[in-house]
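> Please find the sequence and the predicted model below.
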Amino acid sequence: MKSISTRAAALVALCLCCVLPAAANDYKLGPLTIEHPWARPTLPGQVAGGAYLGIRNAGSAGDRLLGASMAAARVEVHEMRMEGDVMRMREIGSLELPAGKTVTLAPGGLHLMLMDLKSPLKVGEKIPVKLRFERAGEVEVLLQVETKPASATDAHKH
């Protein structure tokens, strides 16, 4: 009987090790949860990059992402969309966050455009970025620089 409970405890510990790191990059601000903020690495001399994250609004009222800022670059909220046969990127003033929904900023769609970078973004770095919301206020998150998303949330478009 003791070996079954020891095995069960080991299995629970193993499951927690797999689950906890995925949630380690999440940030809570009132009803908003900022899920796994990350950025792609850039090449030496590259002055722009992209950052991605999910924003889950568990509240009963909508909110808006008004903007973002960081010390080493100018940050704009952008969208990419097809216009005819051409993919276009443009800055949007703010991003609607409907109540009870998740909005995902991902490659090829909505994203944070990091402009005028002072130095390249290198894999493994954690870059502080302040997000500003209309209702919830401000929160500082750390962008994990990685080559691809590390969580399932980032691989889906909502």
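Nice, thanks for sending it over.
> middle-most residue in the chain, spatially?
In the chain, the centroid-proximal residue (Cα atoms, centre = their mean) is Leu53; its distance is 1.7 Å.
> I'd say it and Thr33 touch.
No - contact criterion Cβ atoms under 8 Å: Leu53 and Thr33 do not qualify, at 10.1 Å. In short, each C-beta sits where N, CA and C put it, glycine included.
> mind listing the strands in the protein by residue range?
27-29, 32-39, 48-57, 63-69, 74-83, 86-91, 95-97, 102-105, 111-115, 126-133, 137-145 (DSSP state E).
> Tell me where the model's unsure across the chain.
Counting by pLDDT under 70, the chain shows low-confidence ranges at 1-24, 149-158.
> picking up where we left off before, name the residues linked to the residue nearest to the centre of the chain by a beta bridge.
With beta bridges defined as DSSP bridges, Leu53 has these partners: Leu105.
> and it, what does it touch?
Residues in contact with Leu53 (Cβ atoms under 8 Å, 6 or more residues apart in numbering) are 34-38, 104-105, 112, 141, 154.
> Mind doing that once more with 10 Å?
With contact taken as Cβ atoms under 10 Å, 6 or more residues apart in numbering, Leu53 is in contact with 25-27, 34-39, 65, 68, 103-106, 110-112, 129, 131, 141, 143, 149, 153-154.
> from what I can see Leu112 touches Leu131, true?
Yes - checked against Cβ atoms under 10 Å, the pair Leu112 and Leu131 is within contact range at 8.7 Å.
> shared neighbours, those two?
Common neighbours of Leu112 and Leu131, using Cβ under 10 Å, 6+ apart, are 37, 53, 65, 67-68, 75, 77.
> would you turn these into CSV with distance to Met87?
Converted to CSV, the shared contacts of Leu112 and Leu131 look like this (distance: Cβ to Cβ, whole Å):
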residue, distance to Met87
Pro37, 24
Leu53, 21
Leu65, 22
Gly67, 24
Ala68, 23
Val75, 21
Val77, 17
